[in-house]
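Peer 1: here are the coordinates; sequence isn't available:
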């Protein structure tokens, strides 16, 4: 990976390969999922979460070993970049430009990233001890609400729509996500150290 390449670009490029595109989750969903699971206070092994990147009911398989290694390496590079961002409590490098269209509406890519993140965070939630009314809980609630609005901007019911209307516009949400998720990941990593 050269210095001009963002940590997610290798994975995005690999997901354009027909066999990966056909069998794996959408790349934005993958990015969201990896972004979330890298916030786990206990490091997860690649073999524990790689199958989650494949379409439901499918196991990861590749036509050759080199492609498998490249895919696993790209996943780990993005995982490590997120982890580093969390440890340093900095904004993550994410493809936010893909998540908003010219009309400042959320794109399918943005919605899939949010969905992937929520799914990934659900899978690590049991690893995080949330102190009632602590900073982590507040950040998690905020992130969950904002990501839920991106996933389903029209809301599932009138109550959700009313709540979503009180939140920032989607373009503001998208621009805040790299720092918000970086901060949430930072506090998530620290959660087990503050009993």
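Peer 2: Structure received. Model, not experiment: these values are computed from the prediction. Numbers count the residues shown, from 1 in each chain.
Peer 1: In the chain, spot the helix with the most residues.
Peer 2: Assignment by DSSP state H gives helix 65-88 as the longest helix of the chain.
Peer 1: and the gap between residue 173 and residue 150?
Peer 2: Distance, residue 173 to residue 150, using Cβ to Cβ, to the nearest Å: 6 Å. Heads up, the C-betas are built off the backbone N, CA and C, glycines and all.
Peer 1: So those two - more neighbours on which side?
Peer 2: It is residue 150, of residue 173 and residue 150, that has more neighbours when counted by other Cβ atoms under 10 Å, with 27 against 23.
Peer 1: chain center to the helix or strand hosting that one: distance?
Peer 2: Here residue 150 sits within helix 135-151, counting by DSSP states H and E. In terms of Cα atoms, centre = their mean, to the nearest Å, the gap separating the centre of helix 135-151 from the centre of its chain is 13 Å.
Peer 1: right, and the helix or strand after it?
Peer 2: helix 158-166.
Peer 1: contacts for that next one?
Peer 2: 145, 148, 149, 152, 153, 154, 155 (Cβ atoms under 8 Å, 6 or more residues apart in numbering).
Peer 1: And these, which of them are buried?
Peer 2: Among the contacts of helix 158-166, the ones that count as buried by 16 or more other Cβ atoms under 10 Å are 145, 148, 149, 152, 153.
Peer 1: between those, which is closest to residue 183?
Peer 2: residue 145 (15.2 Å; Cβ to Cβ).
Peer 1: How about the contacts made by the residue nearest to the closest one when sequence neighbours are not counted?
Peer 2: Nearest in space to residue 145, with sequence neighbours left out and distances taken as Cβ to Cβ, 6 or more residues apart in numbering, is residue 167 at 6.4 Å. For residue 167, the contact set (Cβ under 8 Å, 6+ apart) comprises 145, 146, 149, 173.
Peer 1: confidence score at residue 167?
Peer 2: For residue 167, the pLDDT comes out at 90.
Peer 1: From residue 83, how far off is it?
Peer 2: From residue 167 to residue 83 the distance is 28 Å (Cβ to Cβ).
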